[in-house]
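K.L.:
no letters, just coordinates:
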DNA sequence: CGGCAATGCGCC
DNA sequence: AAACGGCGCATTGCCG
């Protein structure tokens, strides 16, 4: 198969990082510096605006060559919005585009070109000087508003471009493309990114008006009280310390505990409450929305294919995967029926009156925060149809562990949280009469204990105010009574992986097969997909409970918290990885079908599918049917799959 | 001023 | 006898 490596260099007054490739490519000041390309490993060639059209490139594409770039959404946006309309370049069929970033993602490598090449030890020259040259000419000079025209810098950028083309070619040679099933998912991801999410900009402006109206007075009150701005953490801490000791920091956890339980002086309490509203960062999404929305009110390029090593997508730009859920109560209408919060929240915010919003919901900033996801709307004449899988990770971990009794209960319609609480308390628990037991014991234990969390962490995270013994009892119940097969799964996966890394021979456990492939440890899962762990190395490690108990273990290299780190692999982690990955495979198996059968996808959120479709076809029951029609591997594994779906004219939870 | 690292916080 | 994980963005603080 023939392939073309493509790399555009551009300049613009638009901020690519803030606005994303689509808005950037449509910005009037954006233009090409050059296009570098290499056909079938030939030496890179360069096209510059004004040059004759690169006929060899067009011929290769017309003959069906793959068109490959690193972060291909950028190249596609530039091609569609500049090269075709302004320079007459022919359209590239959707199926011909490919992205070396996707190849990196599949192998759990860093997604940036430099980082991936460096970690792989690929011999491509590093061109810092070229990069600096590009940085100098890609933005207008602040004072004049003109782009620098220094020919020396341009020549330097042309060289830089060639180096990048060669680096991408190196990546492609080393990593190759994707399996067919991953290619299908990659293409669905491209479609999603091109469709984008519709934004109700008018409502976003309403929200911003409420924020603007509320924020000034809040800031003024804080500054009058404390004498510094709310963002100045260290100065505020000093101020608190003069009035009340015992604040190690100002994390949410500490502040919440202080507000609830400590006998704070009134002024400290007031200042903390004010600061909470003022420093609320989620409302910055309103600005992000303005920045990355196109002329047609849609924001594109929001979902990174396989952004996490497990295969989950990552969010970009306005990051649609972490909208606050909001803690606005359901009100009741005159018949005593619950009113969905958005039906009150949205009209209230549309008044743009912070005091009115405050009178209904307490803090106007918190109300905006809760309403952020409602800015997402379908196109006129369409509806959002969406749904999520019910407690999917808890179900997958039980299935993978072979905990058949609990799976049978789920199939009979039992509620997992009630069932666990019942096991623990030794008496029947039901959803209606024992809300508290279900919520405070059943739910955290089912969700928290599947991946090896110990009692100390469990206590700290879920029941700080309860006796430690209760936390211990939850953890013990899960491990020894409720799902004893699950700990066996942790140890089984750990043992299989350790043996594979030490002996370099494949080992399986419960349908997961670890093997050494090239520079990776792979884990082939029941879904057929493989997880990758880069540079696995044997190591010896002391057990947490006894520093003298040294056992074989292994480490791998991955990007964590933004930088490359060596990570210690242990059973709970491996289990978590496989379970998260299987949930993703289930999601995309169904998403592909939904997309094909009348529910064009616009977003996925880990266990949730969001589609946008004509009002006439917007039947959530049909989507639910698609989602619950589990693939063969999930049925064989015994995963009970359930989905809850809805249709509506605003995004919601 | 810009880049980088660390931290905090939102989601699943 | 066993340890939660997976993300990105905004902000602060530090460095050049």
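P.N.:
Received the coordinates, thanks. Predicted model, so just to flag it, every value in this text is computed and none were measured. Numbering: from 1, shown residues only, chains lettered A, B, ... in the order given.
K.L.:
quick check: phi and psi on the residue of the stretch 401-550 of chain A found nearest DNA strand B?
P.N.:
Closest contact between the stretch 401-550 of chain A and DNA strand B, by CB to the nearest atom of the strand, is at residue A:447 (9.6 Å). (Glycine included, C-beta is placed from N, CA and C.) Phi and psi for residue A:447, reported as degrees, to the nearest 10, are phi -80, psi -30.
K.L.:
isn't it up against residue A:395?
P.N.:
No. If you go by CB atoms under 8 Å, residue A:447 and residue A:395 don't touch, sitting 11.4 Å apart.
K.L.:
who has more neighbours out of those two?
P.N.:
residue A:395 (27 against 16; other CB atoms under 10 Å).
K.L.:
and the more buried one, what pLDDT?
P.N.:
For residue A:395, the pLDDT comes out at 96.
K.L.:
ok, now residue A:548?
P.N.:
At residue A:548, the model reports a pLDDT of 87.
K.L.:
how about residue A:227?
P.N.:
On pLDDT, residue A:227 comes in at 86.
K.L.:
again, but for residue A:374
P.N.:
96.
K.L.:
ok, now which ones touch it?
P.N.:
Counting by CB atoms under 8 Å, 6 or more residues apart in numbering, residue A:374 touches A:200, A:203, A:342, A:345-346, A:650-652.
K.L.:
looking at those, which is nearest residue A:567?
P.N.:
Taking CB to CB as the measure, residue A:567 lies nearest residue A:651 of those, at 34.6 Å.
K.L.:
so the closest one makes contact with residue A:385?
P.N.:
No. Taking contacts as CB under 8 Å, residue A:651 lies outside contact range of residue A:385: 11.1 Å.
K.L.:
these two: who's more crowded?
P.N.:
residue A:385 (27 against 24).
K.L.:
need the contact list for that one.
P.N.:
Residue A:385 touches A:599, A:610-613, A:618-620, A:623, A:645-647, counting by CB under 8 Å, 6+ apart.
K.L.:
give me that answer again for 6 Å
P.N.:
Residue A:385 is in contact with A:599, A:611, A:613, A:618, A:620, A:623, A:647, counting by CB atoms under 6 Å, 6 or more residues apart in numbering.
K.L.:
swap in residue A:178?
P.N.:
If you count contacts by CB under 6 Å, 6+ apart, residue A:178 has them with residue A:186.
K.L.:
quick one: low-confidence parts of the stretch 201-350 of chain A?
P.N.:
Judged against pLDDT under 70, the stretch 201-350 of chain A has no low-scoring part.
K.L.:
near DNA strand B, which residues of it show up?
P.N.:
A:249-253, A:255, A:280-282, A:319, A:321-326 (CB under 7 Å from any atom of the strand).
K.L.:
out of those residues, who's nearest residue A:86?
P.N.:
residue A:319 (31.4 Å).
K.L.:
where does the closest one sit: helix, strand or coil?
P.N.:
coil (DSSP: H, G, I helix; E, B strand; the rest coil).
K.L.:
three-state assignment of residue A:270?
P.N.:
Assigned with three-state DSSP, residue A:270 falls in the helix class.
K.L.:
now the nearest residue to it once chain neighbours are set aside, what are its backbone angles?
P.N.:
Spatial nearest neighbour of residue A:270, excluding adjacent residues (CB to CB, 6 or more residues apart in numbering): residue A:225 at 6.6 Å. In terms of degrees, to the nearest 10, the main-chain angles of residue A:225 are phi -80, psi -50.
K.L.:
hang on, residue A:225 packs against residue A:273?
P.N.:
No. Counting by CB atoms under 6 Å, residue A:225 does not reach residue A:273; the two are 10.8 Å apart.
K.L.:
quick check: the residue of the stretch 501-650 of chain A nearest DNA strand B.
P.N.:
residue A:606 (3.3 Å).
K.L.:
and that residue, how many neighbours?
P.N.:
17.
K.L.:
residue A:191 falls within a strand, correct?
P.N.:
No. Checked against three-state DSSP, residue A:191 lies outside a strand; its state is helix.
K.L.:
state the distance from it to residue A:616.
P.N.:
Residue A:191 sits at a distance of 22 Å from residue A:616 (criterion: CB to CB, to the nearest Å).
K.L.:
looking at the two, which has the bigger crowd around it?
P.N.:
A count of neighbours by other CB under 10 Å puts residue A:191 above the other of residue A:191 and residue A:616, at 14 against 9.
K.L.:
check what pLDDT the more buried one gets.
P.N.:
Reported pLDDT for residue A:191: 97.
K.L.:
cool, and residue A:152?
P.N.:
92.
K.L.:
any idea which element it lies in?
P.N.:
For residue A:152, the host element (DSSP states H and E) is helix A:151-175.
K.L.:
kindly report the same for residue A:286.
P.N.:
helix A:285-292.
K.L.:
please identify the buried residues of that helix?
P.N.:
Residues A:285-286, A:288-292 are the ones in helix A:285-292 that count as buried (16 or more other CB atoms under 10 Å).
K.L.:
one more: stretch A:379-395?
P.N.:
A:382-395.
K.L.:
farthest-apart pair in those, please.
P.N.:
Greatest spatial distance in the buried residues of stretch A:379-395: A:382 and A:394, 33.4 Å, computed using CB to CB.
K.L.:
for residue A:341, what are its contacts?
P.N.:
A:328, A:330.
K.L.:
distance of it relative to DNA strand C?
P.N.:
Distance, residue A:341 to DNA strand C, using CB to the nearest atom of the strand, to the nearest Å: 23 Å.
K.L.:
also residue A:409?
P.N.:
For residue A:409 relative to DNA strand C (CB to the nearest atom of the strand), the value is 23 Å.
K.L.:
which residues in the stretch 451-600 of chain A form helices?
P.N.:
Remark: helices assigned in the stretch 451-600 of chain A by DSSP state H, counting those that start in this stretch are A:455-462, A:468-476, A:485-503, A:571-596.
K.L.:
out of the contacts of residue A:385, which are inside strands?
P.N.:
Among these, the members found in strands (DSSP state E) are A:611, A:613, A:647.
K.L.:
output the lowest mean pLDDT helix or strand found in chain A.
P.N.:
Within chain A, no helix or strand scores below strand A:331-332, which has a mean of 78 by mean pLDDT, DSSP states H and E.
K.L.:
so who does the residue lying closest to residue A:421 once chain neighbours are set aside touch?
P.N.:
Leaving aside its chain neighbours, residue A:421 sits nearest to residue A:442 (3.8 Å; criterion: CB to CB, 6+ apart). Residue A:442 is in contact with A:417-418, A:420-421, counting by CB under 6 Å, 6+ apart.
K.L.:
hmm, try it at 10 Å
P.N.:
A:415-425, A:429, A:431, A:434, A:436, A:474, A:482 (CB atoms under 10 Å, 6 or more residues apart in numbering).
K.L.:
about what we covered before: the residue of the stretch 501-650 of chain A closest to DNA strand B reaches residue A:389, doesn't it?
P.N.:
Yes. Under the criterion of CB atoms under 10 Å, residue A:606 makes contact with residue A:389 at 9.4 Å.
K.L.:
who touches both of these two?
P.N.:
A:583, A:587.
K.L.:
from DNA strand C, how far off is the closest residue to residue A:552 other than its chain neighbours?
P.N.:
Excluding its sequence neighbours, the residue lying closest to residue A:552 (CB to CB, 6+ apart) is residue A:498, at 5.4 Å. Using CB to the nearest atom of the strand, residue A:498 is found at 9 Å from DNA strand C.
K.L.:
give the burial count for residue A:498, as a bare number.
P.N.:
Count around residue A:498 with other CB under 10 Å applied: 23.
K.L.:
enumerate the residues of the stretch 51-200 of chain A near DNA strand B.
P.N.:
So the stretch 51-200 of chain A meets DNA strand B at residue A:135 (CB under 7 Å from any atom of the strand).
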